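In: Need the 3D shape of this:
(chains A, B and C, ligands or ions: 1)
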Amino acid sequence: MSGSMASVALAWFRRDLRLHDNPSWAAATAVSDAAALVVIEPALLSGAGPWRRRAYLAALAGLDQSLRAEGSGLRVAVGDPAEAVPQVAAEIGAQKVTMNADVTRWSTARDQRVAEALDMPLDAHWGTVVHAPGQVLTAAGTLSRVFTPFFSRWIQTPMSEEVEPGSASVLAPPPGMALHDALGDELKEPWSEHDALSQLDRWQERVDGYDDDRDFPAIEGTSALSAALHFGLLSPRHVVASVGTHTPGRTGFVRQLAWRDWYTHLTAENPDIYRASLRLEYDRIVWETGHGADACFDAWRRGQTGYPIVDAAMRELAATGWMHNRLRMVAASFLVKDLLIDWRRGERWFRRMLTDGDLAQNAGNWQWVAGTGPDAAPYFRVFNPVSQSRKFDPAGRYLRHWLPELARLDDKAIHAPWLAKPLDLASADLTLGVSYPYPIVDHAEARQRTLAAYKGALGRNS
DNA sequence: TGGATCTTGGG
DNA sequence: CCAAGATCC
Ligand SMILES: Cc1cc2nc3c(=O)[nH]c(=O)nc-3n(C[C@H](O)[C@H](O)[C@H](O)COP(=O)(O)OP(=O)(O)OC[C@H]3O[C@@H](n4cnc5c(N)ncnc54)[C@H](O)[C@@H]3O)c2cc1C
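Out: Residues are numbered from 1 along each chain as shown, chains lettered A, B, ... in the order given. Below is the predicted model of the structure:
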């Protein structure tokens, strides 16, 4: 019989690095004794670029700090969770292990292996989404392939109650099993749930301007909470509950969190989202390959395409791990629709470099830009990098910050230096081809080429 | 959550 | 000449 309450539980933290409103932690601490475990997985860490790696390690220090504030601490293992989790569970005499589930192919396979290696239950909760996959369905009981109906269902679905940690006494890590033992001099300054919660507090003062300000990279018009959400320093349902929907800015912001849930649900149903177009016919597109394409891809990564808005964005990404949403769309569109390079190559680069890099969100958004996903931008919707630049950075403030070599061009010329009069280039001390590249493609031609390639793929019979 | 191009109607 | 609307990609 399973009637008796487990009295010792192990909470295995993964992408839910907080104690507040954490269903797995609440379940683990509802018994008499609990312990908090993180398993640093070298295979996962090696896929992360410098910014995400740093943020992850800092978030572990933050979780450790939260636990220490309560008199315990985080227990840390390095290696394969299928070995580490059963081992720690046995050491503390646990009767169950709790965790918050994830949706990627990699993590579900890993959790399967861990469950098989354990001689006790591995209880899965949901703590990284507002509504769990399967909770927001059409009348037919399926996941909507169109965002708007998904959103109306999503917003009408009652959120489950936020949960508090229970009263279990929390076991501190034994000697040699603390975070600093695992990390040594890689130990980072803590980035904790309290930091993220105060960032959320500060955002509350600006969220009403979200609708007006969100599209302009030169101003801080968005929350910048994505990394905290990725690592689970914040609970998305707490964020939604505390922001509310009583002004247009708030509704707009909450709507973005619905996109996040939607891509999570789509990934749960289609774990191949990062490698297979969700509309299969788009995998017939013939992408540019070979040396020329490789050189273009490289220029894109390094911010040397000759299109200032793309280059500024790509340089910011490499230098900081951050890129504004508008610029993610512009830079991604440029790779796919101006360079005709497979969206999967760009997806991998973004995911590696972004601090908030997240398989479901990144792959979902790349498929959206490439037109290969459900409810995606139609393929013929091609961003013009110069118009986007003029529209969303009219005074060139963002461009000047990341492209100092263009800083002395006037507000009109800076969006397209190759169109500037020679005199203006000279007086701005700029030599195209030397201090800043000429455009590596002609946008109008590239657009035609891409429309033809897409049309070719879609028109052809299977 | 486009853009290019053409049309129309007002200056 | 330009803004706004329609249409196509
Ligand atoms: C090509 C491309 C790649 C992207 N890759 C990622 C990624 O790897 N990780 C990631 O978290 N977001 C990704 N996004 C979505 C979006 O750009 C970021 O979430 C957003 O810019 C983060 O800034 P913010 O926190 O200030 O967002 P806000 O505008 O303040 O939005 C609030 C929250 O809503 C969520 N959100 C906002 N926009 C989206 C969106 N389009 N799709 C899904 N969730 C969204 C994020 O969690 C965000 O923190 C990508 C978008 C594009 C176009």
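In: Can you read off the pLDDT for A:Val130?
Out: Looking at A:Val130, its pLDDT stands at 98.
In: contacting residues for it?
Out: Listed by C-beta atoms under 8 Å, 6 or more residues apart in numbering, the contact partners of A:Val130 are A:154, A:159, A:236-237, A:240, A:257-258, A:261. C-beta here means a position set from N, CA and C on the backbone, and glycine is covered the same way.
In: Which member of those is positioned nearest DNA strand C?
Out: Ranked by distance to DNA strand C (C-beta to the nearest atom of the strand), the contacts of A:Val130 are led by A:Ala258 at 26.1 Å.
In: neighbours around the closest one, how many?
Out: Neighbourhood size, A:Ala258 [other C-beta atoms under 10 Å]: 21.
In: And it, what's its pLDDT?
Out: The per-residue pLDDT reported for A:Ala258 equals 98.
In: Just say helix, strand or coil for it.
Out: Look at A:Ala258: counting by DSSP: H, G, I helix; E, B strand; the rest coil, its state is helix.
In: was I right about it contacting A:Phe150?
Out: Yes. Counting by C-beta atoms under 8 Å, A:Phe150 is a contact partner of A:Ala258 at 7.2 Å.
In: picking up where we left off before, list buried residues within the contacts of A:Val130.
Out: Those of these that meet the buried threshold are A:154, A:236-237, A:240, A:257-258, A:261, by 16 or more other C-beta atoms under 10 Å.
In: Check the offset of the longest strand seen in chain A from the chain's centre.
Out: If you go by DSSP state E, chain A has its longest strand at strand A:33-40. Remark: strand A:33-40 is offset 24 Å from the chain centroid, using C-alpha atoms, centre = their mean, to the nearest Å.
In: Please save the CA atoms from that strand in PDB.
Out: C-alpha atoms of strand A:33-40 as PDB (Å, rounded to 0.1, in the frame of the first residue of the first chain):
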ATOM      1  CA  ASP A  33      13.100  15.900   6.300                       C
ATOM      2  CA  ALA A  34      14.200  17.200   2.900                       C
ATOM      3  CA  ALA A  35      17.400  17.900   1.000                       C
ATOM      4  CA  ALA A  36      18.100  20.100  -2.000                       C
ATOM      5  CA  LEU A  37      20.200  18.700  -4.800                       C
ATOM      6  CA  VAL A  38      21.700  20.100  -8.000                       C
ATOM      7  CA  VAL A  39      23.500  17.900 -10.400                       C
ATOM      8  CA  ILE A  40      25.900  19.900 -12.700                       C
END
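In: what helices or strands is that strand leaning on?
Out: Using 3 or more C-beta pairs under 8 Å, 6 or more residues apart in numbering; DSSP states H and E, the elements in contact with strand A:33-40 are strand A:8-13, helix A:23-28, helix A:50-69, strand A:75-78, helix A:81-92, strand A:169-170.
In: What's the local residue count around A:Thr148?
Out: Neighbours of A:Thr148 (other C-beta under 10 Å): 9.
In: Could you do A:Asp215 as well?
Out: For A:Asp215, the neighbour count with other C-beta under 10 Å is 17.
In: Thanks a lot, catch you later.
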